[in-house]
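Student: Give me the fold of what follows.
(one chain, ligands or ions: 1)
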Amino acid sequence: MLNIILFIFALIFLAKYHWNRRRLYYHAWKIEGPFAWPIIGSAYLFIRRHEDVYNTATKLINSQPPIFKLWMGTKLVILTIQPTHAEVILKTCFNRLGTKQLQELIHVDLFTAPVDIWRTHRKIINKSFNTKILNSYVDIFDKRARHLMRQFEEKCDGNYIDVLEELLRCSLDTACEVLLDVDPNSITGQARYIANTNRMTRISVIRGSSIWLQSNFFWRYSSLHQEVTNLRREAMDFIRQIIEKKKLDTGLYKNCSEDNFGKDKLLINNLINSMEAGELDESGVLDEIHSILAAGETAAITNALLLCMMGFHSNIQKNIQKKLDSIFGHSDRIVTLEDVNRMYYLERVVKETMRLFPPAPFLRRSVDEDIKLDSHVLPKGSEVFIPLVSLHRRPDLWNDPLVFDPDRFLAENETSRPDYSYLPFGCGRRNCLGNNVPEAKVKGPIKINRRRDRLAIQLGIGTGIVKRRINRGTSVASKYDLKTKMAAFAARKFLLFSKATSRIQFRIQFSSSFSSQRVSRIFLFTVSPSPSHTTSWRHQPGRARPGRKRAPTPEELRRRHKFLSETRTVFLEPHSRSH
Ligand code: HEM
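Tutor: The predicted structure follows:
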């Protein structure tokens, strides 16, 4: 009898649950999408290694109409790559739900906060990101960029170095100096902070792409959760150290002059003032600083991708050199804001890099009220994703989308494209804070980065030789495409390092004449498979490669051959004009 009663209660509960969601089902029913099973929905499509989830998603997006639905368990997710839809969504939705998982990593900050908290925080922080302030940092960018060059110079010396590591460090040091007003040399622990942040990003990707870890129950009991807690504690200690230093520092406000802007606008002062005024609590301040420092990762990755693109496209590299020479001649003077504003070509190259490889793979919003889109309605309670890689490669919006062509961003070409077809920084009131520069849509982070870009480019181009040692059978470009998925994560994993997993490494090599005069500098800017995968080695398996102490073992050979056989699909390269 009890069983029957329980059964009836369960039925009533289920009926009520589904009745309350009837609008959701009704509108979802009108949107196409892959087959969904009861309870798990279409989640079965993603039961695979987390490394493969993004690839699967990309293939799925390409096989579906521009707007389609996915039932992820009981959650309705709608994906759209229609610019008109993006416009409506970004103008009307301000909540990023689903960021609860991120909150585990960074707690409540601008990125993850629900709308009410976000409004207050953004209002406070916006004050520190106006054009006048950002422009006043150009000399600091110049200084940090020169430092970056020296690091490349010292560390390379005829060998390969991991450029992203240096770029990440440069990004963090620059942010410390311009936003927190601390001399990076006076603090310790940057390398550890970067490593921790990278690991946290990676864990968020693992969690996001693992079905089991979506559940808070499984997550809390996973070893990753414990790891994240420890990483976060260490990251916060690093930031606390900076704040303590600031409080003691008699040279407070040293980077801002009264003439340019108010002292209180400097981010750290702005946050400390807001804390004293009771608008933010201490953990809010720590979280905001952490997220803004961590956001520098996207900038570093963009720079690394830019270098990679220059490695692929020597003609573009030469053009950049020419344009920079027309601004600077042979002078090594400090870069001014006027110089930065004249780097039109470089800006187009950066834009094109972010078109093909947007550092943030998708924009995400939760739908708090029904939204009407053409013939569809996005029902309240659903979540909407705008996958940027797919939007930026839509063949009907971008001719030959896989061709790297900076001239797409010439003014005359831009007018023929619909608005909202290029969104590397998002859009609307919840757009990227680094983009908060009124002059032009994408100038914020680019401006922040430009000096570094230029240096990096100088590094790449010099007057030098660009050499591509790409294994003929293995298209780096194809790997690039296949792996250009979890943007930040993938860029790092694929391009540069992570020795355990990376199959192709992106490295820079300087010739020994590096430190001689600028004109005679020869940089070997090498985009190559990691040395263990080069053709010469592959074809002489019995012999050790030059520089290797021993010949590969049969097991190593087997793995490498497997790797090579997996990486044949050519994607980007055959379309590329500049090859
Ligand atoms: C190339 C560099 C960068 C790219 C491509 C990038 C991209 C993005 C994207 C796509 C978003 C989500 C926007 C949306 O949902 O509409 C975002 C948000 C954000 N970005 Fe960036 N970003 C970059 C650099 C930076 C930098 C340097 C900072 C720090 C100053 C920063 C701080 C933020 C913050 C705080 C948010 C959350 C904004 C909010 O929700 O109010 N970003 N970024």
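
Student: Surely residue 71 is in a strand?
Tutor: Yes - assessed with DSSP: H, G, I helix; E, B strand; the rest coil, residue 71 lies in a strand.

Student: Output the below-cut-off pLDDT ranges for the stretch 201-350 of the chain.
Tutor: 209, 247-264, 304, 307-308, 310-312, 314, 317 (pLDDT under 70).

Student: where exactly do the strands run in it?
Tutor: Remark: strands of the stretch 201-350 of the chain are absent; assignment by DSSP state E, counting those that start in this stretch.

Student: can you tell me the residue of it closest to the ligand?
Tutor: residue 295 (3.4 Å; C-beta to the nearest ligand atom). (Each C-beta comes from the backbone N, C-alpha and C, glycine too.)

Student: One more: the chain?
Tutor: Closest point on the chain to the ligand, by C-beta to the nearest ligand atom, is residue 426, at 2.0 Å.

Student: how about the residues of this structure that lie near the ligand?
Tutor: Neighbours of the ligand within the chain, by C-beta under 6 Å from any ligand atom: 90, 110-111, 118, 122, 291-292, 295-296, 298-299, 302, 354, 359-360, 363, 424-427, 430-434, 445, 448.

Student: So which of those residues belong to helices?
Tutor: 90, 118, 122, 291-292, 295-296, 298-299, 302, 354, 445, 448 (DSSP state H).

Student: Now residue 138. Nearest residue, chain neighbours left out?
Tutor: residue 337 (5.1 Å; C-beta to C-beta, 6 or more residues apart in numbering).

Student: Now for residue 127: which residues touch it?
Tutor: 265, 270 (C-beta atoms under 8 Å, 6 or more residues apart in numbering).

Student: On the three-state scheme, it is what?
Tutor: Assignment for residue 127 (three-state DSSP): helix.

Student: do you know how far it is from residue 182?
Tutor: Residue 127 sits at a distance of 20 Å from residue 182 (criterion: C-beta to C-beta, to the nearest Å).

Student: about what we covered before: could you report the neighbour count for the residue nearest to residue 138?
Tutor: 15 (other C-beta atoms under 10 Å).

Student: residues contacting the residue of the stretch 201-350 of the chain closest to the ligand?
Tutor: So residue 295 contacts 432-434 (C-beta under 8 Å, 6+ apart).

Student: For those residues, which entry has the maximal number of neighbours?
Tutor: Going by other C-beta under 10 Å, residue 434 tops the contacts of residue 295 with 22 neighbours.

Student: pretty sure residue 39 is touching residue 72, no?
Tutor: No - counting by C-beta atoms under 8 Å, residue 39 stays clear of residue 72, with 11.2 Å between them.

Student: Overlap of the contact sets of these two?
Tutor: With C-beta under 8 Å, 6+ apart, residue 39 and residue 72 have no common neighbours.

Student: So the two - more neighbours on which side?
Tutor: The neighbour comparison of residue 39 against residue 72 (other C-beta under 10 Å) goes to residue 72, with 18 against 9.

Student: Can you tell me who that one pairs with across the strands?
Tutor: Beta-bridge partners recorded for residue 72 (DSSP bridges): residue 41, residue 75.

Student: Confirm for me that it is in contact with residue 45.
Tutor: No - contact between residue 72 and residue 45 fails when scored by C-beta under 8 Å: they sit 9.5 Å apart.

Student: any common contacting residues for the two?
Tutor: With C-beta under 8 Å, 6+ apart as the test, residue 72 and residue 45 reach no residue in common.

Student: ok, back up a step: check the residue of the chain closest to the ligand and give its pLDDT.
Tutor: pLDDT for residue 426: 90.

Student: What of residue 380?
Tutor: Taking residue 380 on its own, its pLDDT is 92.

Student: repeat for the one 3 residues further on
Tutor: In this prediction, residue 383 carries a pLDDT score of 93.

Student: That one reaches residue 74, doesn't it?
Tutor: No - counting by C-beta under 8 Å, residue 383 stays clear of residue 74, with 11.8 Å between them.

Student: Tell me which residues are up against stretch 18-36.
Tutor: 42, 45, 60, 64-65, 67-71, 76, 78, 370, 375-382.

Student: Select only the buried ones of those in ChimeraX?
Tutor: Of those, the buried ones can be selected in ChimeraX as follows, counting by 16 or more other C-beta atoms under 10 Å:
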select :42,45,60,64,67,68,69,70,71,76,78,376,377,378,379,381,382
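
Student: In strands only, show me the contacts of stretch 18-36.
Tutor: 67-71, 76, 78, 376-378 (DSSP state E).

Student: for the residues you listed, which one is nearest residue 6?
Tutor: residue 71 (27.4 Å; C-beta to C-beta).
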